[in-house]
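S.K.: Curious how this folds, go ahead:
(4 chains)
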2 protein chains.
Amino acid sequence: MPAKTAGSRGTRPTSGKATLETVAKLAGVSRMTVSRVINHPESVTPDLREIVLKAISETGYVPNLLAGGLASSRTKLVAAVVPTLTHVLFSGAIQAFTDRLALDGYQMLLGLSGYPTEREGDLLQAILSRRPDALYLTGTSHLAQTRRQLRAANIPIVETWDLSHKAVDMAVGFSHEAVGRGVAEYFYSKGYREFAAFSADDERALLRSREYVATLAAHGIGDVTCITTPAPSTMAMGREALGRLLANGSWRGAIQCSSDAMAHGVVLEAQARGLSVPGDIAVIGFGDLDFAAYMSPPLSTVRIDRFAIGRLAAEALLTRLAGGRVARKVVDVGFEIVERATS
Amino acid sequence: MPAKTAGSRGTRPTSGKATLETVAKLAGVSRMTVSRVINHPESVTPDLREIVLKAISETGYVPNLLAGGLASSRTKLVAAVVPTLTHVLFSGAIQAFTDRLALDGYQMLLGLSGYPTEREGDLLQAILSRRPDALYLTGTSHLAQTRRQLRAANIPIVETWDLSHKAVDMAVGFSHEAVGRGVAEYFYSKGYREFAAFSADDERALLRSREYVATLAAHGIGDVTCITTPAPSTMAMGREALGRLLANGSWRGAIQCSSDAMAHGVVLEAQARGLSVPGDIAVIGFGDLDFAAYMSPPLSTVRIDRFAIGRLAAEALLTRLAGGRVARKVVDVGFEIVERATS
DNA sequence: ATGTCTCTTGTTACCGCTCACAATAGCGCT
DNA sequence: AGCGCTATTGTGAGCGGTAACAAGAGACAT
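M.R.: Below is the predicted model:
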């Protein structure tokens, strides 16, 4: 009677790695007890716990979270979708986000969507097939199909950086319109009467530009020169944009740039042409990156707390994952106009 | 005879999501056939494929890669461990790495280890418990215990940025010693005879500094002032470091900085003190970041192709994952001294 | 002693998918 | 018609865990 000569034929070559079974046998307990030692140590008698822990380290056991996730439908995985990491604002927020998640034992699956958000659908599908417990998205504008996928996933979702559209679930960011308006009012109140805007071809940057233009229009200023460059904007593009603006005639006035890098370029180009900053050309950047305060002259800019965005987004998700209810579904981290010496 | 009244009691509340079973029933085929349509479409008759695809879209089926990975022990997941994303060199490489992986349908799990590589062991354990198919690491220096974990994982591993230690498996990077030596020789051959090094307290940066000092020593120059700042280095630290160097006496000479940001700070501080660059103070940075070429004066620096590192690392792993053999286990992407106007 | 209650540990049945193999169908050929 | 061969589809047994429940062991009051 070959009762249970398991493992001879028909059994797939197991990876050779230790499993719960291996540890359980060595410790002389059931798999379930080992599982408990790992996940709810307090529910196991201290003596037994000792024995099991010893067996774990002896076997070099590494839990398999795929199996665990499959069985429990909780993966301890949070996915993030970001346009690019080459932009310090995004990578900074992701850094803070990941750090905060790690504190609660969550890990991060990163998806890069690219700028025109081309492959958002496919990317999201690939991500959802890993069954993350929660989702971090950049921006609040999504295709209808994407929104459907998101809702169907039925997990906590936080959208970041932008508050312009209705959030699918939760949102942490600031109003780009408010920034555009704020900068316009700031320039206007400082007495400038000629204006331009240099913006990357990025949805949120354009949002700021448009509101800037609209606000100036409300003050009776109709001809604001707008120059759009490919995203992400760079210092070189700033130099080049100012070159274009000055090409015909001797323009003088105030310029809103969609990034500090671009603003830096504008300052350098102005200086190279012997123009005074802010006397001839006033500039304000966006982001308050490291170098802004140390340029000469120090750059006026709009400060966004990118780390706060990442951290607050993580906390919102963690609260929900812990079964809690967030105080506010939409968190505005605001912005600050930092007046330095270029405006 | 209650034969098979399945699903009444004792059955866990399934998430309500479509599974292979759902699709199979709707299409009137077996689960396996649906699986084949998804993973090996060419092995299924076109007509049947049509029917199944229709069923998939009707049910809104999203494959469960946890289950798939568990069953097949291939996860299509690659994990990356990076000290921080706040450094453009690292985030740039990761960007290129992720982009390249996506082309082959792999996704990335990101782990941030922090600078002193404190939690490397725990982080690695957490990562390995997701059973990634391959691993991207930053640096080639690991604890003995870490190396053991890595070998036990038995997956392709690529270590990046550094070639100083023996690679566990494969490596893509450059020699930091060679950079230090190169900069020293460069400065020396330009005729400078007073030297300093400003370095972040980061293993690889210190490697460059040390070799720089050693090379100068070989030229009979014994007193090279070294200033170490916390990692990551910033523009502010560069200003401050130069301030310290100039505090007692009127030092003149050439300075190697461990980052472009720091070098930028040195240039600004020198200018603020009315010193000429490179006449009084010559500076070289590291990284050739966006702004380096556009500073005034343009910054001399060491160019590293961070995107190549990410891309080549991805390609090395993908080759191995596809069952191939890489041509060279260690790839040196080299570096280039970019002479601009600060040296 | 006995029964009840609580705390710890074990048992069983899945989670959703893929592997290896079995079965069936389709085809050309004698 | 009958045969063998290949291409396509189906079957059954896991992959390595966890949820839910069952069973056993003490503790305590009656």
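S.K.: Show me which parts of stretch A:274-285 are buried, residue by residue.
M.R.: Neighbour-count burial for stretch A:274-285 flags A:275, A:277, A:278, A:281, A:282, A:283, A:284, A:285 (criterion: 16 or more other CB atoms under 10 Å in any protein chain shown). All C-beta spots, glycine's among them, are computed from the backbone N, C-alpha and C.
S.K.: From residue A:303, how far off is the last one?
M.R.: Residue A:285 sits 10 Å away from residue A:303, going by CB to CB, to the nearest Å.
S.K.: How about the first one?
M.R.: To residue A:303, residue A:275 is 26 Å away according to CB to CB.
S.K.: now swap in the fifth one and tell me
M.R.: Residue A:282 sits 18 Å away from residue A:303, going by CB to CB.
S.K.: cool, and the third one?
M.R.: Distance check for residue A:278 against residue A:303: by CB to CB, it reads 18 Å.
S.K.: Please apply the same query to the second one.
M.R.: Noted for residue A:277: a distance of 20 Å to residue A:303, by CB to CB.
S.K.: Same question for the fourth one.
M.R.: With the distance defined as CB to CB, residue A:281 ends up 21 Å from residue A:303.
S.K.: residues touching residue A:330, list them.
M.R.: A:163, A:167, A:170, A:171, A:172 (CB atoms under 8 Å, 6 or more residues apart in numbering or on different chains).
S.K.: Repeat that for residue A:207.
M.R.: Contacts of residue A:207 by CB under 8 Å, 6+ apart are A:162, A:164, A:176, A:177, A:180.
S.K.: cool, residue A:244 as well?
M.R.: Going by CB under 8 Å, 6+ apart, residue A:244 touches residue A:227.
S.K.: does it sit in a helix, a strand or a coil?
M.R.: Following DSSP: H, G, I helix; E, B strand; the rest coil, residue A:244 is assigned to helix.
S.K.: Over to residue A:334?
M.R.: Going by three-state DSSP: residue A:334 is coil.
S.K.: just checking, it touches residue A:174?
M.R.: Yes. With contacts counted by CB atoms under 8 Å, residue A:334 reaches residue A:174, the gap being 5.6 Å.
S.K.: I'd say residue A:196 and residue A:223 touch.
M.R.: No. Using CB under 8 Å, residue A:196 is not in contact with residue A:223; the gap is 9.7 Å.
S.K.: where does chain A have low pLDDT?
M.R.: For chain A, the stretches with pLDDT under 70 are A:1-16, A:116-118.
S.K.: Buried residues, stretch A:140-148. List them.
M.R.: So for stretch A:140-148, counting by 16+ other CB under 10 Å, buried means A:140, A:142, A:146.
S.K.: Give me the neighbour count for the residue nearest to the last one when sequence neighbours are not counted.
M.R.: In other words, residue A:146. Closest residue to residue A:146 apart from its sequence neighbours, by CB to CB, 6 or more residues apart in numbering or on different chains: residue A:120 at 5.6 Å. Residue A:120 has 21 neighbouring residues, counting by other CB atoms under 10 Å in any protein chain shown.
S.K.: how far away is residue A:120 from DNA strand C?
M.R.: 22 Å (CB to the nearest atom of the strand, to the nearest Å).
S.K.: Quick one: residues contacting that residue.
M.R.: A:81, A:113, A:142, A:143, A:146.
S.K.: So which of these are in strands?
M.R.: Here DSSP state E is the test, and the contacts of residue A:120 give residue A:81 as lying in strands.
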